[in-house]
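In: sequence and computational prediction follow.
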Amino acid sequence: MPLRVGIIGTGAIGRDHSRRINNVLTGAHVSAVNDVNVEQAQKAVDDLDLKAEVFANGHELIQSNAVDAVLVTSWGPTHEEFVLSAIAAGKPVFCEKPLATTAEGCKRIVDAEIATGKRLVQVGFMRPYDSGYQLLKNALTIGEIGDPLMVHCAHRNPEVPESYVTPMAIQDTLIHELDVLRWLLDDDYVSAQVIYPRRTRFTHSKLADPQIVLLETKRGIRIDVEVFVNCKYGYDIQCSVVGELGVLNLPEPQSLLVRKEASLATNILTDWKQRFIKAYDVELQEFINGCLNSSITGPSAWDGYAASVASDACVEAQETGAIIPISMADKPSFYS
Ligand SMILES: NC(=O)c1ccc[n+]([C@@H]2O[C@H](COP(=O)([O-])OP(=O)(O)OC[C@H]3O[C@@H](n4cnc5c(N)ncnc54)[C@H](O)[C@@H]3O)[C@@H](O)[C@H]2O)c1
Ligand SMILES: O[C@H]1[C@H](O)[C@@H](O)[C@H](O)[C@@H](O)[C@H]1O
């Protein structure tokens, strides 16, 4: 019997994940939806032709007998309560990033999950499923460039809404690098600093844009990440690892090269949904398979917690201008 999935939050990614569960992936279908904006939930059902019941409340959806597993795709500050509610109901839950908006919130989820004795949570960190990052990881693992020494990254969005303010550059955007670089380097962070270049004229008074985040890992690897969310020209993710013997660059997404009228041109994507479309498919299929086999294996609540510890330090670094130390408790054996 297919897994019956309940979706909490039918905004951009809630709709996109509903589409992929019903039309792209196997073994599951969307049986229930909820949004604080009930009309929006009903619209998702109509637009995507979902055979799903609309719930007025996310907690009622979690309790429903029509739901075997839960997807939390609502606004970040609501994630913790829904994930804790799913854990209390003993139901597997896939939660979009961030797992919670603070490390303390993530820790409450970690503790609740450990108390059940069983992994129930997968966090929507999709970059480790991206084939480009996997090429980087494989090359580092076989020692292609010797030991990694430095990493240069850029995370550029064409634009963001007025509701996007300075800390969101960390909590909403950099959080992807905080997760994928831990995974890529198999290392943890020990300090963070944020510096501010000249502001773009396309930002607003509550958003410092761009920002440069400087991180150091336990092994002494230095990382710089440019977060520039009004870059105008496209959605552009760059990652370059400098090692003792050479440099590895994240591959560009496949795109036609056109030679014409004395120019050589290629397109740059503008939409995050397209940039990581295959990675989203693979991460969610893994969650569905994990639910069906009672074995959740994707990015864990501990990964969500680790990224949040670093994220909290980066936000403090934004506010103070200081180099903020980062210290992590040892990973519980439950997650190894
Ligand atoms: N992994 C990724 O690459 C990725 C991409 C986009 C978004 N996200 C994450 O997914 C989440 C949603 O992002 P989005 O872009 O879809 O935002 P969005 O604003 O388009 O949608 C969020 C939806 O949540 C609903 N909502 C808010 N509070 C709620 C509540 N208490 N109960 C039920 N519904 C509620 C809103 O009404 C809205 O429809 C965010 O945490 C975001 O960081 C992750
Ligand atoms: O929620 C989105 C999403 O996570 C994108 O992947 C990221 O590039 C954006 O900066 C963020 O706002």
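Out: Structure received. Numbers count the residues shown, from 1 in each chain. Ligands and ions are numbered 1, 2, ... in the order given.
In: measure the residue in the stretch 1-150 of the chain that ligand 2 sits nearest to to residue 179 for me?
Out: Distances between the stretch 1-150 of the chain and ligand 2 by CB to the nearest ligand atom are smallest at residue 97, namely 6.5 Å. All C-beta spots, glycine's among them, are computed from the backbone N, C-alpha and C. According to CB to CB, to the nearest Å, residue 97 and residue 179 sit 7 Å apart.
In: which of these two has more neighbours?
Out: The neighbour count for residue 97 versus residue 179, taken as other CB atoms under 10 Å, is higher for residue 179 (26 against 23).
In: I'd guess residue 21 is in a helix, am I close?
Out: Yes: under DSSP: H, G, I helix; E, B strand; the rest coil, residue 21 falls within a helix.
In: list the residues that contact it.
Out: 5, 28-30, 284, 288 (CB atoms under 8 Å, 6 or more residues apart in numbering).
In: joint contacts of residue 97 and residue 179?
Out: Residues touching both residue 97 and residue 179 (CB under 8 Å, 6+ apart) are 123, 125, 307.
In: can you tell me which of those are in strands?
Out: If you go by DSSP state E, the shared contacts of residue 97 and residue 179 have residue 123 in strands.
In: now flag whichever of the shared contacts of residue 97 and residue 179 is closest to residue 55.
Out: residue 123 (23.1 Å; CB to CB).
In: quick one: pLDDT of the closest one?
Out: pLDDT for residue 123: 98.
In: for it, what are its contacts?
Out: Residue 123 touches 94-97, 99, 179, 298-301, 303-304, counting by CB under 8 Å, 6+ apart.
In: identify the bridge partners of it.
Out: Counting by DSSP bridges, residue 123 is bridged to residue 95.
In: and the closest residue to residue 32 other than its chain neighbours, what element?
Out: Leaving aside its sequence neighbours, residue 32 sits nearest to residue 6 (CB to CB, 6 or more residues apart in numbering; 3.8 Å). Taking DSSP states H and E as the definition, residue 6 sits inside strand 3-8.
In: run a quick neighbour tally on residue 215.
Out: Neighbours of residue 215 using other CB under 10 Å come to 25.
In: about what we covered before: what about the contacts of residue 21, which are in helices?
Out: 284, 288 (DSSP state H).
In: buried residues in the host helix or strand of residue 70, which are they?
Out: Using DSSP H and E, residue 70 maps to strand 69-72. Residues of strand 69-72 classed as buried by neighbour count (16 or more other CB atoms under 10 Å): 69-72.
In: list the strands paired with it, with their directions.
Out: strand 3-8 (parallel), strand 93-95 (parallel).
In: among those, which comes closest to ligand 1?
Out: Once those are compared by CB to the nearest ligand atom, strand 3-8 is nearest, at 5.2 Å.
In: do I have it right that residue 227 meets residue 214?
Out: No: look at residue 227 against residue 214 with CB atoms under 8 Å: they stay out of range, at 11.8 Å.
In: who has more neighbours out of these two?
Out: A count of neighbours by other CB under 10 Å puts residue 227 above the other of residue 227 and residue 214, at 25 against 16.
In: quickly find the element holding the more buried one.
Out: Assessed by DSSP H and E, residue 227 sits inside strand 222-228.
In: would you mark the buried spots in whichever helix or strand comes after that strand?
Out: Downstream of strand 222-228, the next assigned helix or strand under DSSP H and E is strand 236-243. For strand 236-243, the neighbour count (16+ other CB under 10 Å) marks 236-237, 239, 241-243 as buried.
In: turn those into JSON lines, columns for pLDDT and distance to residue 86.
Out: Formatted as JSON lines, the buried residues of strand 236-243 follow (pLDDT from 0 to 100; distance: CB to CB, whole Å):
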{"residue": "236", "pLDDT": "98", "distance to residue 86": "35"}
{"residue": "237", "pLDDT": "98", "distance to residue 86": "30"}
{"residue": "239", "pLDDT": "98", "distance to residue 86": "32"}
{"residue": "241", "pLDDT": "98", "distance to residue 86": "36"}
{"residue": "242", "pLDDT": "99", "distance to residue 86": "41"}
{"residue": "243", "pLDDT": "98", "distance to residue 86": "41"}
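In: quick one: which of these is nearest ligand 2?
Out: Comparing the buried residues of strand 236-243 against ligand 2 with CB to the nearest ligand atom places residue 237 closest, at 7.5 Å.
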